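Undergrad: Compute the structure for the input listed below.
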Amino acid sequence: PPPERKTTPPAPPPAEQPPDEEPAASSSQKAPRRFAPLIILTGILAAIIAFTLAFLSSAGLFQSPLELAVPDVQGKPRVEAKAILGNRGLTPKITGEQASDIVPEGYVIGQHPAPGARVRSGMEVELIISTGHRRVTTPNVTGINARDAEIFLKNARLLPGEKTAEYSDDFAERYVISQDPPAGTELTIGSRVNLVISRGREPRKITMRDLTGVAVEEAVEILYDMGVTDIMTVEVETGAAPGGAVVAQSVLENASADRGGRFTLYAARPAASAGLSESEGTVTLRVGDEKPQRRVVIIVIDQVSARRIYEREHAAGDDLMVPVSGIGKTRVMVYLDGFLHEEKTL
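TA: Residues are numbered from 1 along each chain as shown. Next comes the predicted model:
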């Protein structure tokens, strides 16, 4: 009989899986998914740290102690600017002043190093301080006392400059005659204003001449030539000189006198010679203390002569009692330091 054939039954078809299920992952594929949240958290923390560092660095608050960013203190008051720099570990230093029509007085107008520059801790930051508007108007100080004028100038932020003295008939002594620059001039603060100060009226001193024995008309002309204009003449009865001749004068020779004062000339007039009697008297005087030493002169003019009976230096406070006498009507003239001090008739 024919040999038997063995047949292998066909393999059953694979079981179908539900369409919504994924094939199971291997253990090596599941490990990274467990660390995903940690990776995300780490990234977020890194971003926060980076942002914080960037912010602190831009604000100048997170820097190496050896490297600082110079803050901007321009336009701030001097005290505040110094405090800001000091708090940042820098040393403020005022190095100058500068006028400004914009930045107020006492505020920072410039700095070096510039804002934002990086410097070492403790480094000096130089500051320029504004003096504000430095132009002022010169006040008018003419016609006021020199001391008050200086106060006016200082209040106007100016200084008194060169002071010269001149005689003046219009301004009293120690008053300002003129100023340079004149009032109303625009000047820089601290500028100097020169002053011309009055010494009062010019003394116009003259040294008096001895005019005794000179005709009164000629004596008047001599005084006019010396600049004297206020001249008075007085006639006295005496036989000391020809009629019309000068026998005495109110200012003695060599005395220094103001030519603007009054000068009196005593001219002789013939006197009667009959029936003359002697007159007597006493000159009493206490020497004033205007000077340590005073020169005392006594002149007697009677109907016979004109003579100097006393001339001596005396200390201040001395008391004098000098007897005098004359023939007929007698005029007694007492002088101190060359000027007529007292006159009386015996």
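Undergrad: Only C-alpha atoms from now on, for both contacts and neighbour counts.
TA: Will do.
Undergrad: so where's the stretch 151-300 of the chain uncertain?
TA: 273-275 (pLDDT under 70).
Undergrad: Please enumerate the strands of it.
TA: Using DSSP state E, counting those that start in this stretch, the strands found in the stretch 151-300 of the chain span residues 159-166, 176-180, 186-188, 192-198, 205-207, 230-237, 246-249, 256-258, 262-269, 278-286, 293-301.
Undergrad: out of these, which comes closest to Ile94?
TA: strand 186-188 (21.7 Å; C-alpha to C-alpha).
Undergrad: Burial check on Val297, number of neighbours?
TA: 21 (other C-alpha atoms under 10 Å).
Undergrad: Please shift the residue numbers so they start at 809 in all later answers.
TA: With 809 as the first residue, the last one maps to Val1105.
Undergrad: how near is the closest residue to it other than its chain neighbours to Arg1077?
TA: Spatially, and ignoring its direct neighbours in sequence, Val1105 is nearest to Glu1119 (4.4 Å; C-alpha to C-alpha, 6 or more residues apart in numbering). According to C-alpha to C-alpha, to the nearest Å, Glu1119 stands 26 Å off from Arg1077.
Undergrad: which of those two has more neighbours?
TA: Per other C-alpha under 10 Å, whichever of Glu1119 and Arg1077 has more neighbours is Arg1077, with 21 against 14.
Undergrad: distance of that one from Ser1058?
TA: 18 Å.
Undergrad: Skip the chain neighbours and tell me the closest residue to the residue positioned nearest the centre of the chain.
TA: Closest residue to the average C-alpha location of the chain: Leu967 at 4.0 Å, with C-alpha atoms, centre = their mean. Take Leu967 and drop its neighbours on the chain: the residue closest to it by C-alpha to C-alpha, 6+ apart is Arg1000, 4.6 Å away.
Undergrad: List the contacts of that neighbour.
TA: Shown in contact with Arg1000 (C-alpha atoms under 8 Å, 6 or more residues apart in numbering): Leu966, Leu967, Pro968, Gly969.
Undergrad: Specify which member of these is nearest to Asn895.
TA: Using C-alpha to C-alpha, Leu966 comes nearest to Asn895 of the contacts of Arg1000, at 38.0 Å.
Undergrad: can you map out the strands along the stretch 809-958 of the chain?
TA: So, for the stretch 809-958 of the chain - with DSSP E, counting those that start in this stretch - the strands run 876-877, 899-907, 916-920, 926-927, 932-940, 943-945.
Undergrad: and these, which one is worst for confidence?
TA: Ranked by mean pLDDT, the strands of the stretch 809-958 of the chain bottom out at strand 943-945, which scores a mean of 87.
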